[in-house]
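Asker: Sequence unavailable; structure follows:
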């Protein structure tokens, strides 16, 4: 049986930056990082490679799992802010949280991201325009790397750490046992490893696994929300005045009908819509690229409605999954509908899509989202589209495309202290898997924080 000082379960953003910091700062810790996905060179989605046209539910999903986590094949947006993207500032303070995110940005630039533009929404004219139309633009600095540049940066980070951090891919941790001094983990390959400190950094796709571990060790969990919505795709020209200025615009709107909050999320100028597999459920997302030759004629972004539940209902993620399953049942995966068809109460058919001026970047099944998304959420989304049309005329055009469903699952928030350590000594939970963070910047920052904490023990 191999013994280590630190084992990191999960090679997503938090695990990657933890391994970077453990490599950079001298220490004597023997470290193993395990992930159920593949290494970078083998993370190839069959849709992207042209082998298939629709999601075939690879296990594990190459978009969601593997080195770099779900952020690897994303559009590589790092938002430096505490206004959204997680609650790390509630643990370490706003100043420290921002300093950690700025440090992550410096590392990314040193690894090849220095040419990526840094945008800022703080002094944008868009903020004034939004306020005049009852919309609210959140403040952030945004570094957009692009999917292509993002992968190259992660390759360099892996090369930097590979001789210091032992890494094992395509390996699932099936159980964790508490020892008198440390922990024992058991993998699906029948291997057993022991360590003094165990770090849970499994990301969004590992939410159920972390919940099971916390239940086993009687660690309190606070149920989180789930966001349900659609991915909007429209000609890039419609949002060009916004994306050229701030690139990523987090716009929040409070609906008149229900007084609910709707927000834009993950804006991808000149990008493409993609499908992803989360625990066997196919949902929709978006990517964009830094290389102009890879850009499309469209911009896509999500519109999400936040859902928080009261007693006796507790499992918000199950609610989101049930809606996504319904979409998968009707369309075999992602459903696609023209906005004009939705407001007229009719399904989009193949015949209607042939006449659509906006060309979809994802092959999806034309259908009727009103059969999938609950009326309240759908009413909120429609109202938000008309609100956005006031600052970006053309958003409410008939040929604006809506893909469904997009679901953002938030892991139950694990009870941790300011060092992200649970009440079980030596057991840490960080990144999106802990529910503390919801973004690449904050997840990466949490990895740096945990590494610096443990380095003190292993100097």
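Answerer: Good, I have the coordinates. Because the structure is predicted, anything quoted here is derived from the model rather than measured.
Asker: low-confidence ranges in the stretch 101-250 of the chain?
Answerer: Scanning the stretch 101-250 of the chain for pLDDT under 70 picks out the ranges 122-123, 224.
Asker: a helix runs through residue 149, doesn't it?
Answerer: Yes - Residue 149 sits within a helix when classified using DSSP: H, G, I helix; E, B strand; the rest coil.
Asker: any idea where the strands of the stretch 1-150 of the chain begin and end?
Answerer: Ranges of strands in the stretch 1-150 of the chain, per DSSP state E, counting those that start in this stretch, are 2-9, 31-34, 77-80, 118-120, 136-137, 141-144.
Asker: Do me a favour and average the pLDDT over the helix or strand hosting residue 321.
Answerer: Assigned by DSSP states H and E, residue 321 falls within helix 316-331. In this model, helix 316-331 carries a mean pLDDT of 87.
Asker: And that helix, what's buried?
Answerer: Residues 316-317, 320-321, 323-324, 326-328, 330-331 are the ones in helix 316-331 that count as buried (16 or more other Cβ atoms under 10 Å). For the C-beta atoms, the positions are set from N, CA and C on the backbone; glycine is no exception.
Asker: what packs against that helix?
Answerer: strand 226-235, strand 281-287, strand 298-307, strand 401-409 (3 or more Cβ pairs under 8 Å, 6 or more residues apart in numbering; DSSP states H and E).
Asker: got JSON lines for those strands, with distance to residue 158 and mean neighbour count too?
Answerer: Shown next, in JSON lines, are the helices and strands packed on helix 316-331 (distance: least, Cβ to Cβ, whole Å; neighbours: other Cβ atoms under 10 Å):
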{"stretch": "strand 226-235", "distance to residue 158": "30", "mean neighbour count": "26"}
{"stretch": "strand 281-287", "distance to residue 158": "21", "mean neighbour count": "25"}
{"stretch": "strand 298-307", "distance to residue 158": "29", "mean neighbour count": "24"}
{"stretch": "strand 401-409", "distance to residue 158": "27", "mean neighbour count": "26"}
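Asker: out of those strands, nearest to residue 157?
Answerer: strand 281-287 (19.8 Å; Cβ to Cβ).
Asker: Outside of that closest one itself, list whatever touches it.
Answerer: Residues outside strand 281-287 that contact it (Cβ atoms under 8 Å, 6 or more residues apart in numbering) are 55, 57, 63, 73-75, 147, 230-231, 266-268, 271-276, 300-302, 321, 324-325, 327-328, 333-334, 362, 364, 403-407.
Asker: Show me what it pairs with in its sheet, parallel or antiparallel.
Answerer: strand 272-278 (antiparallel) (DSSP bridges).
Asker: Just give me how far the strand it pairs with sits from the chain centre.
Answerer: Mean-position distance between strand 272-278 and its chain equals 11 Å (Cα atoms, centre = their mean, to the nearest Å).
Asker: Kindly calculate the angle that that strand makes with strand 298-307.
Answerer: If you take axes from the mean of the first three to the mean of the last three Cα atoms, to 10 degrees, strand 272-278 sits at 40 degrees to strand 298-307.
Asker: Could you measure from the residue lying farthest from the centre of the chain over to residue 425?
Answerer: Within the chain, the residue lying farthest from the chain centre (Cα atoms, centre = their mean) is residue 180, at 36.0 Å. To residue 425, residue 180 is 11 Å away according to Cβ to Cβ, to the nearest Å.
Asker: care to break the protein down by domain?
Answerer: 2-119+141-223+412-455, 226-409 (automatic domain parsing).
Asker: Straight-line length of the first one, end to end?
Answerer: What it means is domain 2-119+141-223+412-455. 21 Å (Cα to Cα, to the nearest Å).
Asker: Quick one: distance of that domain to the chain centre.
Answerer: Centre to centre, stretch against its chain (Cα atoms, centre = their mean), the figure for domain 2-119+141-223+412-455 is 12 Å.
Asker: Show me where this protein has its helices.
Answerer: 13-24, 89-92, 94-108, 125-132, 147-161, 207-216, 236-246, 316-331, 339-343, 350-354, 375-391, 440-455 (DSSP state H).
Asker: As a markdown table, these with distance to residue 79 would be great.
Answerer: Below are the helices of the chain laid out as a markdown table (distance: least, Cβ to Cβ, whole Å):
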| stretch | distance to residue 79 |
| --- | --- |
| helix 13-24 | 12 |
| helix 89-92 | 13 |
| helix 94-108 | 8 |
| helix 125-132 | 16 |
| helix 147-161 | 14 |
| helix 207-216 | 21 |
| helix 236-246 | 11 |
| helix 316-331 | 22 |
| helix 339-343 | 27 |
| helix 350-354 | 34 |
| helix 375-391 | 20 |
| helix 440-455 | 5 |
